[in-house]
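Colleague: When you get a sec, could you give me coordinates for this:
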Amino acid sequence: MRMNTEFERVLKYFDEDGDGKISPCELRNRLGMIGGELLAKDAEKLIEELDSDGDGFLSLEDFVKLMEAAGEDEKLKDLEEAFEMYNDTEMFGFITPKSLQRMLGRLGESKSMEQCTTMIGHFDLNGDGLLCFDEFRFERVLKYFDEDGDGKISPCELRNRLGMIGGELLSKDAEKLIEELDSDGDGFLSLEDFVKLMEAAGEDEKLKDLEEAFEMYNDTEMFGFITPKSLQRMLGRLGESKSMEQCTTMIGHFDLNGDGLLCFDEFRVMMQ
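Modeller: Numbering: from 1, shown residues only. A predicted model of the protein is given here:
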């Protein structure tokens, strides 16, 4: 609830005429006032991509999606910058025991080569003795959840940290989730278990994005399917004019059962 209130306050800043929505012009104007820059065509394109009801404006729901996406991009950028600090200059793209020891020394923390090798070993998923970016990313996220620093996540830690970032999980649900993913039966999530959880969450997010995209192309009269008519309409909104014949042909390429329509499963194949 608090997060939505914060988004509403930001929305009001962009919403110059107070109609509860953001136009391409308002988006450009306000970004310009805070030091950003966006061309008119880019503002229109951005709003077209996020506009869920096709009215040419961003609603609160659309704006929340934009802000959340920007937040994820910022987190990823911060992680990439941190990774570069620990990166090995001779083996670019990896953190080695040597580069880890060097960076920790700069931060005033003296570690032996053996200790650095052990530290990397905790998060070295493929056993090559190095940390790539994905392993580093999972290690940073695990550390956030691992409150007592034992290298594992308990049901209590999972609940606490999810609560701090706006999520909610009952004790019994946290325990059940960990039971399902706990590979060694100790009642905790190890790094390997946690990676599986993160990857599963990523797949769920991709599926959610696909479902939202499918709804944009969905036919209002034949709900649950994309028809040549609905495809033509949506492409028109995106500034791409296609004839009915062209749209029929496009659907035909991915119409697995030959009914002239695209169901969600066929749409998912098309988007892969």
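Colleague: Which of the three states applies to Glu90?
Modeller: Per DSSP: H, G, I helix; E, B strand; the rest coil, the secondary structure class of Glu90 is coil.
Colleague: can you tell me how far it sits from Thr96?
Modeller: 8 Å (CB to CB, to the nearest Å). Any C-beta I mention is one placed from the backbone N, CA and C, and that applies to glycine too.
Colleague: When these two are compared, which one has more neighbours?
Modeller: Comparing Glu90 with Thr96 by neighbour count (other CB atoms under 10 Å), the higher total belongs to Thr96, at 21 against 9.
Colleague: name the element the closest residue to Met216 other than its chain neighbours belongs to?
Modeller: Setting aside the residues directly before and after it, Met216 is nearest to Met234 in space (CB to CB, 6 or more residues apart in numbering), at 5.9 Å. The secondary structure element spanning Met234 is helix 228-237 (assigned by DSSP states H and E).
Colleague: and that helix, C-alpha only, in CSV?
Modeller: Once side chains and other backbone atoms are set aside, the C-alpha atoms of helix 228-237 remain, and they are given as CSV (Å, rounded to 0.1, in the frame of the first residue of the first chain):
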residue,chain,number,x,y,z
PRO,A,228,-6.2,-11.4,-37.9
LYS,A,229,-8.5,-8.5,-37.0
SER,A,230,-7.1,-8.1,-33.5
LEU,A,231,-3.5,-8.4,-34.8
GLN,A,232,-4.1,-5.7,-37.4
ARG,A,233,-5.7,-3.4,-34.8
MET,A,234,-2.7,-3.8,-32.3
LEU,A,235,-0.1,-3.4,-35.0
GLY,A,236,-1.9,-0.2,-36.1
ARG,A,237,-1.6,1.2,-32.6
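Colleague: which other residues reach the helix or strand immediately after it in the chain?
Modeller: Taking DSSP H and E as the definition, the helix or strand that follows helix 228-237 towards the C-terminus is helix 244-252. Applying CB atoms under 8 Å, 6 or more residues apart in numbering, the contact partners of helix 244-252 are Ile226, Thr227, Pro228, Lys229, Leu231, Gln232, Leu235, Lys242, Gly260, Leu261, Leu262.
Colleague: Selection in PyMOL covering whichever of the residues you listed are buried, please.
Modeller: For the buried members of these, the matching PyMOL selection, counting by 16 or more other CB atoms under 10 Å, is:
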select buried, resi 226+227+228+231+232+235+242+261+262
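Colleague: Is it possible to get CSV of the contacts of helix 244-252 that adds distance to Ser23 and pLDDT?
Modeller: Conversion of these to CSV gives the following (distance: CB to CB, whole Å; pLDDT from 0 to 100):
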residue, distance to Ser23, pLDDT
Ile226, 28, 88
Thr227, 30, 89
Pro228, 31, 88
Lys229, 28, 89
Leu231, 26, 86
Gln232, 25, 86
Leu235, 22, 80
Lys242, 26, 85
Gly260, 37, 89
Leu261, 34, 88
Leu262, 32, 86
